[in-house]
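Visitor: sequence plus the predicted model coming up.
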Amino acid sequence: MDLYRNNFSDEVLSDACSAINIKISDDQKILLSNYLSMMQKWNKYSNITSIKDYKCMLTYHIVDSLSVIPLLDSLLKKNITICDVGSGAGLPGIVLAIMRPNWRVICVDSVFKKTSFLRHVCSTSLLSNILIHHARIENLNPIECDVAISRAFSSLSKFVEFSGFHVKKDGFLCSMKGIIPKKEIDDLSLISSWGIISIEKLNVPGVSSERCLVIMKRLDNQKI
């Protein structure tokens, strides 16, 4: 496993984790730095993410993904299964797997080049707590996860429709958004068997634009 230190990313990651109040080890910094380097290298010919600049990728991809960890920690017990829907380049799934090795992380994406990249990251970094599915989330058999999370998926209603049946009875759907999506919230209230229990502002060091996490749970008496 070819791992190396990156002083710039080390400093950014240390400062970001301090700001959002989570611990990060030297090994985790190395894994995240190498993951980002692999992403940048693959991006040159596979276009797995629209952001190309290393510093921007570090902030808008890695730090942004780190920002949900305190909220997930507060929601969940220690050993959980979390499904990253529309994982793309592994955001936030790979980041969560590195930072929480006791979590089982399932990354789902329908684009072959992206799941190929995810498998490369897992094998190179020896991440044993990740399962990769090249599929559309709605076509998979129920995953039985504690949480399904999305970062760059569709509307809240579509997220519920395609992913809700994969979540355990007392589990959660978590959607990372920019500004609070008022129309999506209104649409969800009209048609959904899921309800919003909380909308939490995300603290993303280095990002001035608004970010939030919409947390949803199955309504009472609704069958899985």
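Guide: Yep, it's here.

Visitor: and Arg104, how many residues sit next to it?
Guide: Residues within reach of Arg104, counting by other CB atoms under 10 Å, total 18. For every residue, glycine as well, the C-beta is placed using N, CA and C.

Visitor: isn't it right up against Thr81?
Guide: Yes - contact criterion CB atoms under 8 Å: Arg104 and Thr81 qualify, at 4.4 Å.

Visitor: after the longest helix seen in the chain comes which helix or strand?
Guide: If you go by DSSP state H, the chain has its longest helix at helix 26-46. For helix 26-46, the succeeding helix or strand toward the C-terminus, using DSSP states H and E, is helix 54-57.

Visitor: which other residues reach that next one?
Guide: 8, 36, 39-40, 49, 51 (CB atoms under 8 Å, 6 or more residues apart in numbering).

Visitor: what's the helix or strand just after it in contact with?
Guide: Downstream of helix 54-57, the first helix or strand assigned by DSSP H and E is helix 64-66. Applying CB under 8 Å, 6+ apart, the contact partners of helix 64-66 are 13, 16-17, 20, 22, 91-92, 95-96, 99, 151, 176, 202, 204, 207, 211.

Visitor: and Asn6, what's its pLDDT?
Guide: On pLDDT, Asn6 comes in at 74.

Visitor: please read the previous query as pertaining to Asn79.
Guide: pLDDT at Asn79 comes out at 84.

Visitor: again, but for Trp103
Guide: Trp103 is given a pLDDT of 97.

Visitor: do Asp2 as well
Guide: Listed pLDDT for Asp2 reads 49.

Visitor: can you check Ala97 too?
Guide: Predicted confidence (pLDDT) for Ala97: 98.

Visitor: and if you look at Gln40?
Guide: 93.

Visitor: so what's it closest to, chain neighbours aside?
Guide: Distances taken as CB to CB, 6 or more residues apart in numbering place Tyr54 nearest to Gln40, at 5.7 Å, with adjacent residues excluded.

Visitor: coming back round to it: list only those of the contacts of helix 54-57 flagged as buried.
Guide: 36, 39-40, 49, 51 (16 or more other CB atoms under 10 Å).

Visitor: just put the residues you listed in CSV and tack on distance to Ala135.
Guide: What follows is the buried ones among the contacts of helix 54-57, written out as CSV (distance: CB to CB, whole Å):
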residue, distance to Ala135
Leu36, 26
Met39, 22
Gln40, 26
Thr49, 20
Ile51, 25
